[in-house]
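Trainee: What would the 3D arrangement of this be:
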Amino acid sequence: MSPRLFGVPAARVPVVAVLRRGPSDWSHVGRWDVARGVYEPGAWIRSNLYPQRCDLSPDGRWLCYFTLRGKAAWRAGTTYVAISRLPWLTALAAWGTCGTWTRGAHFIDERGVSKLGPPSEGDVGPCLEKFGLVTTRAASFAVERRRGWTETVDTEPRKPGDTWDESRPVTMQKARPKTDGAVALAVHGWFAAFRSGVPGESLYAIVENGRERWLEGVQWADWDAEGRLLIATEDGRLQIRDGADAATVAWEHDLAGLTPAPAPPPEEARRW
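Mentor: This next block holds a predicted model:
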């Protein structure tokens, strides 16, 4: 079975945190340097990462993630939000949560601000010298909303009482950078990050002058700052697509064949 892939781009640098699920009880993290066309594999963890509850610092250095680990024996407990150095999951600071009823946390530009309280493990001080931390509002496509995606006008409004924004299909759209806004990328789906629609049905489309060109076999996509299309295919490949039609594959890296290979992190993963 092909892995499920999701990307969390950094706001200021051409780096993407790649979250990979598969086999079903394993997750993997990688660092995708889009500018250099380099993928760096990182940590494996025998637990579930929740991509829409994760974030990447604007400088691409730190990953804020939420996970459930049934055998975690520390003060943060078995469900926790943690900050690590991408592409590793070694917690530099961690906050225990009351189960999975959380939408995680994310970075903000306002230094020194923290809405998470003191960490259960580690020291968050070095992070707060550069960025703030706040809890994430419950909303579908939370990662995308922080990166310039907006709901289309024909998306049905959120229903009263839908606390977690899980009961409606949503269409999001993002204009292609460095253009006049005539070209955009659209995605249709529900609240889950690892999206699966009707078999054979496309989820992403290029929208130009009101016309949609559906992207077949794509499970995640976003623009980079240069207007190139970043893609994760359904069969487990990362791609950079270029050209006027964003269809020419300029770079590709296959993640389908990876198998769990947990190993001790490098020493640098233990330092802010």
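Trainee: measure stretch 165-177 end to end?
Mentor: The first and last residues of stretch 165-177 sit 28 Å apart, counting by CA to CA, to the nearest Å.
Trainee: Same check on stretch 188-208?
Mentor: The first residue of stretch 188-208 is 16 Å away from its last residue (CA to CA).
Trainee: Going along the chain, name the helices of the stretch 101-250 of the chain.
Mentor: Using DSSP state H, counting those that start in this stretch, the helices of the stretch 101-250 of the chain run over residues 125-128, 142-145.
Trainee: Show me the contact partners of the last one.
Mentor: To tie it back to what came earlier, the one meant is helix 142-145. 8, 51-55, 103-104, 106, 136, 139, 172, 174, 187, 193, 222 (CB atoms under 8 Å, 6 or more residues apart in numbering). C-beta coordinates here come from the backbone N, C-alpha and C atoms, glycine included.
Trainee: closest to Gly96 among those residues?
Mentor: Relative to Gly96, the closest of those is Gly104; by CB to CB it sits at 13.3 Å.
Trainee: ok, now which ones touch that closest one?
Mentor: Tyr50, Gln52, Arg53, Cys54, Asp55, Cys64, Tyr65, Phe66, Val81, Thr135, Thr136, Ala142.
Trainee: Trp149 versus that one, what's the distance?
Mentor: To Trp149, Gly104 is 17 Å away according to CB to CB, to the nearest Å.
Trainee: number of nearby residues for Arg75?
Mentor: Other residues lying near Arg75 total 13 when counted by other CB atoms under 10 Å.
Trainee: Spit out the contact partners of it.
Mentor: Counting by CB under 8 Å, 6+ apart, Arg75 touches Gly96, Ser120, Glu121.
Trainee: same thing with Pro58?
Mentor: Taking CB under 8 Å, 6+ apart, we find Pro58 in contact with Ala10, Ala11, Arg12, Val13, Phe107, Asp109, Phe131.
Trainee: low-scoring stretches of the chain, by residue?
Mentor: Regions of the chain meeting the criterion pLDDT under 70 cover residues 191-202.
Trainee: Tell me which residue is most central in it.
Mentor: Val8 (3.1 Å; CA atoms, centre = their mean).
Trainee: Identify all contacting residues around the helix or strand hosting that one.
Mentor: Val8 belongs to strand 4-9 when assigned by DSSP states H and E. For strand 4-9, contacts defined as CB under 8 Å, 6+ apart pick out 15-22, 32, 51, 54-56, 63, 143, 147, 193-194, 219-220, 222, 224, 230, 232, 236, 238, 255.
Trainee: Filter these down to the ones in strands?
Mentor: Among the contacts of strand 4-9, the members falling in strands (DSSP state E) are 15-21, 32, 55-56, 63, 219-220, 222, 230, 232, 238.
Trainee: Just the CA atoms of stretch 45-61, as CSV, please.
Mentor: Extracted in CSV, the C-alpha atoms of stretch 45-61 (Å, rounded to 0.1, in the frame of the first residue of the first chain):
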residue,chain,number,x,y,z
ILE,A,45,8.0,6.8,15.4
ARG,A,46,5.6,3.9,16.1
SER,A,47,2.6,6.1,16.6
ASN,A,48,0.3,8.4,14.8
LEU,A,49,1.3,12.0,14.0
TYR,A,50,-1.7,14.3,13.3
PRO,A,51,-0.6,16.6,10.4
GLN,A,52,-3.3,19.2,10.7
ARG,A,53,-2.3,19.7,14.3
CYS,A,54,1.3,20.2,13.4
ASP,A,55,3.3,23.3,12.3
LEU,A,56,6.8,24.3,11.1
SER,A,57,8.5,27.4,12.4
PRO,A,58,8.8,30.2,9.8
ASP,A,59,12.6,29.6,9.5
GLY,A,60,12.0,25.9,8.9
ARG,A,61,14.1,24.8,11.9
